[in-house]
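Participant: 3D, please:
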Amino acid sequence: MKIALLGYGKMGQIIEKFALERGHEIVLKITIDNQEDLTRENLKAADVAIDFSTPDSVLKNIDVCFDANVPVVVGTTGWYGKLQEVKDDCDKSNNTLLYGSNFSIGVNLFFKLNQTLAKLMNNYPAYEVQVEEIHHTQKLDSPSGTAITLAEGIVENLERKQEWLNEVVGTDVELFPKPEQLLIESHRIENIPGTHTVIYSSEVDEIEIKHTAHNRAGFALGAVVAAEWVKDKKGFFSITDIFE
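Facilitator: Predicted structure coming up:
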């Protein structure tokens, strides 16, 4: 495939490595220094675009992909408040978008495990649940998209939780969740690619499920696999569709 990389930071560079190893060609690289090169004409050279940019630029990047009728895989997070709007645009213009808060195979298995555990816990009200996420200090959004996906998996499957809220540890704001609220605790620590933990605590014991990323390679390989999967499809997809 011919791939356009929208965002060429650490993730974009690792994605390039995996794409080339799998026989693909990079025909366009958009960085912070050449935003003006992201045009309909330049994108037309690509079979698919992969976006790991920033929350500020991702919506504009998606618009240009739709305008060029180029399928786009979006790994950038921090824009999900506009998800329905983007889906409507995608469907209306007969385009293709696949998004995910995390493209790692291990994390997507972890999502399934989280949903199953939340269902089981409906029978055990003595357990209080919370989500913790730890990321490197360069991460711009909080909570992480992965933590949001975990929280939504709990809210959808555990009847005693109705919504989630986020506390960033190290700031002055301390939250005191109501019983129906699920706390996501965010930590920002140097050189942590990403650790996510779901904790169920009772007076007598604690159950934890945890995913620890050792590096960014799992996310990058998953993004290339997603691009291969979506290339000839039409519609609006989530990374979970690949794992069904």
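Participant: Starting from the helix or strand where Gln84 lies, tell me the next helix or strand along the chain.
Facilitator: Element membership for Gln84, per DSSP states H and E: helix 83-92. Once the chain leaves helix 83-92, the next helix or strand it forms, by DSSP H and E, is strand 96-99.
Participant: Check which helices and strands the helix holding Gln84 sits against.
Facilitator: helix 58-68, strand 96-99, strand 235-238 (3 or more CB pairs under 8 Å, 6 or more residues apart in numbering; DSSP states H and E). The C-beta positions use only the backbone N, C-alpha and C, and glycine is treated the same way.
Participant: Could you spell out the sheet neighbours of the last one, each with its direction?
Facilitator: Using DSSP bridges, the strands paired with strand 235-238 are strand 96-99 (parallel).
Participant: what's in contact with whichever helix or strand comes after the strand it pairs with?
Facilitator: Using DSSP H and E, the helix or strand that follows strand 96-99 in sequence is helix 105-120. For helix 105-120, contacts defined as CB atoms under 8 Å, 6 or more residues apart in numbering pick out 102, 129, 146, 149-150, 153-154, 156-158, 196, 198, 200, 207, 209, 211, 213, 218, 222, 239-240, 242-243.
Participant: looking only at pLDDT, what's the mean for whichever strand or helix holds Val168?
Facilitator: If you go by DSSP H and E, Val168 is part of strand 163-168. In this model, strand 163-168 carries a mean pLDDT of 94.
Participant: which parts of whichever helix or strand comes after it are buried?
Facilitator: Sequence order places strand 181-188 as the next helix or strand after strand 163-168, per DSSP H and E. Residues Leu182, Leu183, Ile184, Glu185, Ser186, His187, Arg188 are the ones in strand 181-188 that count as buried (16 or more other CB atoms under 10 Å).
Participant: what's the answer for stretch 22-33, then?
Facilitator: In stretch 22-33, counting by 16+ other CB under 10 Å, buried: His24, Ile26, Val27, Leu28, Lys29, Ile30.
Participant: Secondary structure, pLDDT and distance to Glu174 added to those residues, as JSON lines?
Facilitator: Output for the buried residues of stretch 22-33, formatted as JSON lines (DSSP: H, G, I helix; E, B strand; the rest coil; pLDDT from 0 to 100; distance: CB to CB, whole Å):
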{"residue": "His24", "secondary structure": "coil", "pLDDT": "98", "distance to Glu174": "47"}
{"residue": "Ile26", "secondary structure": "strand", "pLDDT": "98", "distance to Glu174": "46"}
{"residue": "Val27", "secondary structure": "strand", "pLDDT": "98", "distance to Glu174": "49"}
{"residue": "Leu28", "secondary structure": "strand", "pLDDT": "97", "distance to Glu174": "45"}
{"residue": "Lys29", "secondary structure": "strand", "pLDDT": "97", "distance to Glu174": "43"}
{"residue": "Ile30", "secondary structure": "strand", "pLDDT": "96", "distance to Glu174": "40"}
